[in-house]
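Chemist: the following block contains a protein sequence and its predicted model.
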Amino acid sequence: MIGPLWNHKPNSEVVGLMSGTSLDGIDAAVVSIEGSGLQAKVKLLHYYSTPYDDELRERLKELCTVQHSSVDLVCGMNVYLAERFAQAAIEAVRSAGMEMKEIDLISSHGQTVWHIPQPDIQDPYLVRSTLQLGDLSVLAKRTGCMVVGDFRPADMAVGGQGAPLAPYGDLILYRDPGKGRLLQNIGGIGNCTALPSAAGPEDVFAFDTGPGNMVIDQIVYLLSGGKRSYDDGGTWAMQGTADWVLVEEMIQHPYFGLKPPKSTGREVFGKAYAEEFAAKARERSLADADIVATATAFTARTIAEGYNRYVFPLCRIDEVIVSGGGAHNAALLDMLQAMLPDQKVLTSGQLGYNDDAKEAIIFALLGNDFMHGVANNLPSATGAERQTIMGKLAFP
């Protein structure tokens, strides 16, 4: 363990930055944190979000494929995204009615473009690794703040998968002495955190359930000719009927049979996978609304299937609490509730938390712990051999 990297005051003002696998934009949470570690108390001061434009989103999709990526695009996008993260942080602070000089730290997740949780047995150079873009030094220089980021590699260096990292914050924010809770984030990828009642760090387990909004969003984009990037509120899905035969076929993908800890990303369930899904739906002569409904049902089924296989046999769960973009998809939530008759499906907003801000808040907590010299991974969730301090620091 190392000592703290700053002279601590009672509260630290931190901006947490998150850009997820949905590639929809940047979330910024301006928070005040008291203390550190599992006893930290966090207050959301302001939430700000800025979307990616269509051109940037499509370039990022290309970046996340072997076929269309390039080293020059990776190199340039690393700095370009840092500039965008800096703008988001500055605007979040301004709209919070604060000044940058009041901010002690920025903590950035970065933009994941590739994730290899297990080595490729066919290629000795493709070892366990992960890549998040958004250069920390550029972000620090542009904002005038210390910046912590690039968290995932440290967990991988001690045997973990570098994901999921949200369970650490879930434990801080949502543990309950009497209820077993499942925290389900539905971003591009879906990830869940199981918190048995009165859970301690050793009791938490988590994994990526599979695609969250990723397949739905790409299918909506394809079917709308690029005019829509997501199914707003799940309204398109509500107009159709899910094809459960196709859902059953697609859920045979090997990922869903892997035991936790496990993680995945756009390299598995990205654009190519969604195009394959849509092609199979067309072969079955499904109407557009039925295809969207089927993609939505598929996501709901992957989540419920993960619970039935890997959570419910191990602990009692009373509540499923959904956050992320999927928390706004009424069709998805209705399907999930129907598949989980013994649990109450809620959104984090119903508990007083901002549905969209959760992961940005969690990365603020991770950065705060880095500065305090506190281990901030959960081996029970990532499969790491031991606790470690995740993150790297850039000075302004």
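Modeler: The structure has been received and is ready for your questions.
Chemist: you'd agree Asn329 is up against Trp236?
Modeler: No - counting by CB atoms under 8 Å, Asn329 does not reach Trp236; the two are 10.2 Å apart. All C-beta spots, glycine's among them, are computed from the backbone N, C-alpha and C.
Chemist: what about these two, which has more around it?
Modeler: Asn329 (28 against 24; other CB atoms under 10 Å).
Chemist: can you pull the contacts of that one?
Modeler: By CB atoms under 8 Å, 6 or more residues apart in numbering, Asn329 lies in contact with Ile186, Asn213, Ile216, Asp231, Gly233, Gly234, Ala237, Thr296.
Chemist: closest one of these to Phe363?
Modeler: Ile186 (17.5 Å; CB to CB).
Chemist: that older thread, ranking the contacts of Asn329 by neighbours, who comes first?
Modeler: Ile216 (33 neighbours).
Chemist: identify the residue spatially nearest to it, adjacent ones excluded.
Modeler: Nearest non-adjacent residue to Ile216, counting by CB to CB, 6 or more residues apart in numbering: Ala295, 4.7 Å away.
Chemist: can you check Leu366 too?
Modeler: Leu366 sits nearest to Asn376 (CB to CB, 6+ apart), 4.9 Å away.
Chemist: tell me the pLDDT of that neighbour.
Modeler: Looking at Asn376, its pLDDT reads 97.
Chemist: next one: Pro10
Modeler: Predicted confidence (pLDDT) for Pro10: 83.
Chemist: residue contacts, it?
Modeler: Glu34.
Chemist: tell me the spacing between it and Ile33.
Modeler: 10 Å (CB to CB, to the nearest Å).
Chemist: just the buried residues of stretch 71-83, please?
Modeler: Buried residues in stretch 71-83, defined by neighbour count with 16 or more other CB atoms under 10 Å: Leu73, Met77, Asn78, Tyr80, Leu81, Ala82.
Chemist: just checking, next helix/strand downstream of the helix or strand hosting the fifth one?
Modeler: The reference is to Leu81. Using DSSP states H and E, the element containing Leu81 is helix 71-95. Proceeding N to C from helix 71-95, the next assigned helix or strand is strand 105-116, under DSSP H and E.
Chemist: okay, strands next: where are they in the stretch 101-250 of the chain?
Modeler: Assigned by DSSP state E, counting those that start in this stretch, the stretch 101-250 of the chain shows strands spanning 105-116, 129-133, 147-149, 181-186, 189-195, 205-211.
Chemist: per-residue confidence for Trp6?
Modeler: 71.
Chemist: from Lys101, how far off is it?
Modeler: Trp6 is 15 Å from Lys101, by CB to CB.
Chemist: who has more neighbours, these two?
Modeler: Higher neighbour count among Trp6 and Lys101: Trp6, with 13 against 9, using other CB under 10 Å.
Chemist: from memory that one sits against Met371, does it?
Modeler: Yes - applying CB under 8 Å, one finds Trp6 in contact with Met371, separated by 5.4 Å.
Chemist: now do the shared contacts for those two.
Modeler: Met146.
Chemist: coming back round to it: now for the helix holding Leu81, which elements pack on it?
Modeler: strand 11-19, strand 25-34, strand 41-51, helix 54-63, strand 105-116, strand 129-133, helix 136-143 (3 or more CB pairs under 8 Å, 6 or more residues apart in numbering; DSSP states H and E).
Chemist: and that helix with helix 136-143, angle?
Modeler: For helix 71-95 against helix 136-143, the angle by axes from the mean of the first three to the mean of the last three CA atoms, to 10 degrees is 40 degrees.
Chemist: how much does helix 71-95 deviate in direction from strand 129-133?
Modeler: 60 degrees.
Chemist: give me the mean pLDDT for helix 71-95.
Modeler: 98.
Chemist: what's it in contact with?
Modeler: 15, 17, 19, 26, 28-30, 46-48, 50, 59-60, 62-63, 99-100, 102-103, 106, 108, 110-111, 113, 133-139, 142-143, 145.
Chemist: buried among those? Need that as a selection in PyMOL.
Modeler: Those of the contacts of helix 71-95 that count as buried under 16+ other CB under 10 Å are selected in PyMOL with:
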select buried, resi 15+17+19+26+28+29+30+46+47+48+59+60+63+103+106+108+110+111+113+133+134+135+136+138+139+142+143+145
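Chemist: on that earlier part again, centre of the chain to the helix holding Leu81, how far?
Modeler: 18 Å (CA atoms, centre = their mean, to the nearest Å).
Chemist: relative to helix 54-63, how tilted is it?
Modeler: 130 degrees.
Chemist: and stretch 241-255, how far apart are its ends?
Modeler: When the termini of stretch 241-255 are compared using CA to CA, to the nearest Å, they are 26 Å apart.
Chemist: neighbouring contacts of that stretch?
Modeler: Taking CB under 8 Å, 6+ apart as the rule, stretch 241-255 contacts 210, 262, 264, 268, 277, 280-281, 284, 286, 289-290, 293-294, 296-298, 301-302, 305, 335.
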